[in-house]
Structure formats: structure tokens, C-alpha cells
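Chemist: Using only what follows, build the 3D model:
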Amino acid sequence: MTNRTRWLISISVLAIGLAGLAMPTRAERKFPSRPIQMVIPTAPGGGTDISLRMLASLVEPILGSRIVIVNKTGGDGTVGMAAITEAKPDGYTIGGLWNAPLTMTPHMFAVPYKPTSYVAISHATSAPLVFCTKKDFPASNGKEFIAELKKQPD
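Modeler: Residues are numbered from 1 along each chain as shown. Coordinates of the predicted model:
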């Protein structure tokens, strides 16, 4: 699957998910009738922030509404995640974040939310991780690296 196809699928799923979150109390209310706030629990300029800003700009014309980005940093994403889970469940506050505040942080620290406090609406991006060492390090792959660590545990 190409990156373009992944982006189109992500945009479609996000737009459908946002529309599905709209639970108007009156039948005549149009969703969205005001800007949607996307809380990103990272500082501006990082990979999560940049990719979600790009995604938001692609979804805005589909929704016919602006998506306002709000960066809420702190506590490895818990400050932003708390803002997301404490927001009124009306579809006007969504979160854009990586998996750590959802999967790892709650097992390591006390957090102000539970796994039942949120629902995922879309997988937006994937980011491969690269493991690097200094060029003259005596290992050039994972197995050699582990063997080298075992030889010199300190």
C-alpha cells in the first residue's frame, strides 16, 4: 500500500469518525457548526505535530470546518491526554497522539484517565524507528550489537 493510499484512507476514516462523534441535541444543528479542536500532547514542530497538522489541513475541506491545533505538553503526553478525555463528548475536541500515553505511561505512572475514557477513531501514521551507533562501533546489526553488549556489560 502506498503512502498516498494510507493518507487517503486515514483522512476518510478521520472524517467519518468525526462525523460519527457528532451527537447533536437538536435535529436542526449541523455538524460541525464551529471549529474542531485537535489536542496534540507534544511541542510544536515534532513528527507527531507536523504529521497531524498536515492531516488536519487535508480533512478541513472534507468537513467544511477549521481544525484548530492546540499543543498541550507535559508528563509524556498525560497533560494533553487528560485534556482530551476531560473534554465535553460532543465531537469538537479530538486528540492526535502517539501510542505511549495510551499504552505505556498508564502502566508506569498514575494518570488522570482510564482506557475506557477514550475511543480510537483512526490510525493516522506509522513511523519506523532506526537504531544507530557510532560508525566505528564493532557491531553492524542487532545480533552483533547484543553480542557486543554481552562481552562488555559495563
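Chemist: What residues of stretch 98-112 count as buried?
Modeler: When neighbours are counted by 16 or more other Cβ atoms under 10 Å, the buried residues of stretch 98-112 are found to be 98, 101-102, 105-106, 111. Quick note: C-beta positions are derived from backbone N, CA and C, even for glycine.
Chemist: For the helix or strand Ala83 falls within, name the packing helices and strands.
Modeler: Applying DSSP states H and E as the criterion places Ala83 in helix 78-86. Applying 3 or more Cβ pairs under 8 Å, 6 or more residues apart in numbering; DSSP states H and E, one finds that helix 78-86 makes contact with strand 36-40, strand 93-95, helix 100-103.
Chemist: Please give me every residue in contact with the residue positioned nearest the centre of the chain.
Modeler: Ranked by distance to the mean C-alpha position of the chain (Cα atoms, centre = their mean), the top residue is Leu97 at 2.0 Å. Residues touching Leu97, when contacts are defined by Cβ atoms under 8 Å, 6 or more residues apart in numbering, comprise 40-42, 48, 77, 80-81, 84.
Chemist: Ile67 too?
Modeler: Neighbour list for Ile67: 35-38, 56-57, 59-60 [criterion: Cβ under 8 Å, 6+ apart].
Chemist: Columns pLDDT, neighbour count and distance to Ala120 on top of those residues, output as CSV?
Modeler: Converted to CSV, these look like this (pLDDT from 0 to 100; neighbours: other Cβ atoms under 10 Å; distance: Cβ to Cβ, whole Å):
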residue, pLDDT, neighbour count, distance to Ala120
Pro35, 96, 13, 22
Ile36, 96, 22, 17
Gln37, 97, 17, 18
Met38, 96, 23, 14
Ala56, 94, 22, 17
Ser57, 94, 12, 21
Val59, 92, 20, 16
Glu60, 94, 15, 21
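Chemist: Nearest to Pro115, out of those: which one, please.
Modeler: Taking Cβ to Cβ as the measure, Pro115 lies nearest Met38 of these, at 20.9 Å.
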